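Enquirer: next input, structure requested:
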Amino acid sequence: MQWLVPTSQLTGLKGPAANVLVPDTTAHLPKSCGVHASTVPLKHIEVDLQALGHVATVTSTLQYVNEEERPLEAVFVFPMPSGAAVCQFSAKIADQEIVAEVQEKQEAREQYDDALSSGEQAFLMEESEESADVFKLSVGSLPPGQSAAVTFIYITELSVEADHSLRFCLPAVLNPRYTPAGTGGGIVSEITSSSTGIPYSLSFTAHVSSPNPITKVESKCPLEPLMFLNTDHTKAKVSLCAGHMFDRDVELYLYYQNPHQLTAIVEAGAPTAQPGSLMGDPVVMVGFYPEFPESVMSSVSSCGEFVFVMDRSGSMDCMMHDGPDAQERIKCARDTLLLLLKSLPMGCFFNIYGFGSHYESFFPKSVQYSQDTMEQAVKKVKVMQADMGGTEILRPLEHIYKQPCIPNHPRQLFIFTDGEVGNTRDVLHCVRSNADFHRCFSFGIGEGASSALITGLAENSSGHAQFITGTERMQAKVMQSLRYALQPAVIDITEEWSGVSFTRLSPPIKTLFHGQRALIYAQLKGEECQKPDAKGKISVRYRLGDQEVSDTVNFSLKPAENSGMAIHRLGARSLIRTLEKDEQDDGADKKALKARVVELSKQSGVSSSHTAFIAVHKGIGQAVKGPLMTRRIPTPMSLAYVMKSSRK
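Expert: Take a look at the predicted model:
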């Protein structure tokens, strides 16, 4: 069973008695559900990945069966990549398919409750308002003996790694999120995790296609041999080996030839959409991969204030993953920090903070980096432990931002955390409010780290995010982030479009790093888009050191075929995320911004924090007397949580 206990009762956890779910080893679900593992209604998850260049479309089908003697409701809280755009949701009962609609969230919840009370089957999928990488799926009322297949589709961008591969992650592990006292938990607080094995299985197949040949596909999970589907190796297929247990994140690394080639893809509007609307007009996705001049790259800066912020909460004692070669998260974080600490340039400034339920720093203020101060810090880092309680990152960040900046030494934060916080949006708002005074380089340590927090820290401060789930790629990722931090600042970034009228969907580019991708989405307008031979051009100009640099892409306005509206939806997702961030600003017209988000979400069919997908199978049931039996479906979590909760 699982017990809801104050974190202060857990070994190594101190501070406010906020609640987290802690599993016992004897069952998968909360005691209130009265369920054994054998009665969990989710039986199988089938995932199909369609990777087209740098964009992935993921279709997940969840197979449910009610093996009990009364109707029930199944509730599943699960992780999703934070940048994903959920764009379709449906349910199939026998031979009948019910396609969901996007509605304002409260309206969708009320319609769902009304349907259940009338004995109708209903399906509700909603994004957490606290963290964009957590979703809740409710399936009810499922009659005895009946099966249902629920399918949702999402689109996401693939991140570029230090070795130029593209990373796709299918998150499986969703660890409990620490919620500081006095803050609401919402969907995040409903996470139901299991560490003793989950009663449902996974099958996963990836279809990969690229304009350039595919050289290889790697994963820490066992894969079937890569199968090329054509002679020029631009299409391939790969699957997880049979019998894979969905007990860890599935990471794929895709390798293409010439991965940093400049690209622009135009996607036609939907024929049924209103011309002039976002979905009715063409949308272009432009990908930039700036290559800085060698003379600039060789002049690495020795200036900077490097502030290292280390998560020392109790969960950092857990293992990186459940494999045989796993190490503790705190050890991996220490190793990462030591590598960075020994690689800093002489003459810069640095300090190190540890945080949990409280925080402390190595030095009262940042000190100049020398052999002596480095050795002092190394000794302290080597004995750092996960002994500081819950994951309260907001207070140390607020303290750091109040410290005066050092003239001519730009402030760079390096944050190491497993990302198990419940107040993600508050943390990101704080970082964004101080983005003019620092950049943040974030490291997600271990499986289950919140992608919304880790990527959000970097995106809101013009920095860079890394996820470290094992030791094999750690050094390359760490040194890549340090190289980015030492590069000269890119300033005066401007764009010049030719041959097209457009409305920008993505926010302006604030930061450019050598070899890092920057994506721009824009809605194309005007009659020139209808001409068969029409062309457009975009140039990005910026200053780097004392040099002016320009990158230019020429592209045909002829739409790509069979794109499935993926680019439109990613553009809509980018605009929705920008508007949601604007809601957090002081003085913002929150009502108007929310209305705009809901309008965009409905128009594009893309999820948001203010909307939900709702599907109702009408006219099949009788009114239900009394509450439905609820079954909460677990997600995998680290075995170390069970070990920790059993200590005294």
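Enquirer: what's the domain layout of this structure?
Expert: Here the domain assignment for the chain is 2-258+621-636, 263-296+490-604, 302-486, based on automatic domain parsing.
Enquirer: what's the offset of the shortest one from the middle of its chain?
Expert: On the basis of C-alpha atoms, centre = their mean, to the nearest Å, domain 263-296+490-604 sits 21 Å off its chain's mean C-alpha point.
Enquirer: quick one: terminal-to-terminal distance for it?
Expert: 24 Å (C-alpha to C-alpha, to the nearest Å).
Enquirer: which stretches of the stretch 251-400 of the chain have low pLDDT?
Expert: For the stretch 251-400 of the chain, applying pLDDT under 70 flags the ranges 259-262, 293, 296-301.
Enquirer: which parts of it are helices?
Expert: 294-297, 329-341, 371-382, 394-402 (DSSP state H, counting those that start in this stretch).
Enquirer: how close does residue 535 get to residue 266?
Expert: Residue 535 sits at a distance of 10 Å from residue 266 (criterion: C-beta to C-beta, to the nearest Å). Where you see a C-beta, it was placed from the backbone N, CA and C, and this is true even at glycine.
Enquirer: repeat that for residue 82.
Expert: Counting by C-beta to C-beta - residue 82 and residue 266 are separated by 27 Å.
Enquirer: didn't residue 157 look like it was pressed against residue 58?
Expert: No: if you go by C-beta atoms under 8 Å, residue 157 and residue 58 don't touch, sitting 11.9 Å apart.
Enquirer: picking that back up, in TSV, list the helices of the stretch 251-400 of the chain along with mean neighbour count and distance to residue 352.
Expert: TSV is the format used below for the helices of the stretch 251-400 of the chain (neighbours: other C-beta atoms under 10 Å; distance: least, C-beta to C-beta, whole Å):
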stretch	mean neighbour count	distance to residue 352
helix 294-297	12	28
helix 329-341	21	7
helix 371-382	14	6
helix 394-402	16	11
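Enquirer: which of those sits closest to residue 462?
Expert: Nearest to residue 462, of all the helices of the stretch 251-400 of the chain, is helix 394-402, at 15.2 Å by C-beta to C-beta.
Enquirer: centre of the chain to the helix or strand just after that closest one, how far?
Expert: Using DSSP states H and E, the helix or strand that directly follows helix 394-402 along the chain is strand 411-417. Between the centre of strand 411-417 and the centre of its chain there are 18 Å (C-alpha atoms, centre = their mean).
Enquirer: in the helix or strand harbouring residue 111, what's buried?
Expert: Per DSSP H and E: residue 111 is located in helix 105-117. Using 16 or more other C-beta atoms under 10 Å as the test for burial, helix 105-117 gives 105, 108, 109, 111, 112, 115, 116.
Enquirer: partners of the helix or strand that that helix is followed by in the sheet?
Expert: Following helix 105-117 in sequence order, the next helix or strand is strand 121-127 (DSSP H and E). Under the criterion DSSP bridges, strand 121-127 sits next to strand 134-142 (antiparallel), strand 611-617 (antiparallel) in its sheet.
Enquirer: how about those, which one is nearest residue 383?
Expert: Using C-beta to C-beta, the strands paired with strand 121-127 put strand 134-142 closest to residue 383, at 34.4 Å.
Enquirer: helices and strands around the following helix or strand past that closest one, which ones?
Expert: Heading C-terminal from strand 134-142, the first helix or strand you meet, by DSSP H and E, is strand 147-157. Under the contact criterion of 3 or more C-beta pairs under 8 Å, 6 or more residues apart in numbering; DSSP states H and E, strand 147-157 touches strand 55-65, strand 85-93, strand 121-127, strand 134-142, helix 566-583.
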